[in-house]
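J.: please work out how this folds:
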Amino acid sequence: MKLITHNMLTSNILKGVSKGFPLKIQNAKVENVSVDYNKDFISRILQRIEYDALRAAIKDLGLNESLPESMTDSMQDDEEFLKTMHRILLEYEIEEGELICPETGRSFPISKGIPNMLLQETEIS
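T.: Model prediction:
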């Protein structure tokens, strides 16, 4: 699972959960995979990224990456920043681990890079 995927996942369908975002990452096995850089894609996707959640994921994973505390409009034209975002969003692959709902503590396993977000009938609101 790439961090771009993680940034869009939520557990808000669980009973009693209003937001369910961002999901905390635990016990993760992370691999680095090479992905061709596409400036246009990264520039467009930045508008959809929850920046604070991405910074939290980097911290959860203990990645040796540093992002500014906030993202400004001018950064979206900064080639170095775009390449850093490309690397963070697309080149880190979580192969194994868990996603944890911030409101209930419900754990969702990640196996072979695929998060299992399936719920029991009793968990659906």
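
J.: so which elements touch the top helix by length along the chain?
T.: Assignment by DSSP state H gives helix 51-61 as the longest helix of the chain. Using 3 or more Cβ pairs under 8 Å, 6 or more residues apart in numbering; DSSP states H and E, the elements in contact with helix 51-61 are helix 3-6, strand 24-32. C-beta here means a position set from N, CA and C on the backbone, and glycine is covered the same way.

J.: with adjacent residues omitted, what lies nearest to Pro109?
T.: In space, and not counting its chain neighbours, Pro109 is closest to Asn116: 5.1 Å by Cβ to Cβ, 6 or more residues apart in numbering.

J.: likewise Glu79?
T.: Sequence neighbours aside, Lys39 is the residue nearest to Glu79 in space, at 7.6 Å (criterion: Cβ to Cβ, 6+ apart).

J.: hmm, that neighbour is touching Leu82, no?
T.: Yes. Taking contact to mean Cβ atoms under 8 Å, the distance of 5.9 Å between Lys39 and Leu82 places them in contact.

J.: out of the two, which sits in the busier spot?
T.: When Lys39 is set against Leu82 and neighbours are counted by other Cβ atoms under 10 Å, the residue ahead is Leu82, at 20 against 11.

J.: okay, the more buried one and Phe21: tell me how far apart.
T.: Computed as Cβ to Cβ, to the nearest Å, the Leu82 to Phe21 distance reads 25 Å.

J.: ok, now Asn32?
T.: For Asn32, the distance to Phe21 (Cβ to Cβ) stands at 25 Å.

J.: who has more neighbours, those two?
T.: Phe21 (17 against 10).

J.: for that one, phi and psi?
T.: When read as degrees, to the nearest 10, the backbone of Phe21 gives phi -150, psi 140.

J.: next, the contact list for it, please.
T.: Applying Cβ atoms under 8 Å, 6 or more residues apart in numbering to Phe21 gives the contacts 9-12, 50, 53, 102.

J.: try 7 Å
T.: Residues in contact with Phe21 (Cβ atoms under 7 Å, 6 or more residues apart in numbering) are 10, 12, 53.

J.: quick one: pLDDT of it?
T.: The confidence metric pLDDT takes the value 96 at Phe21.
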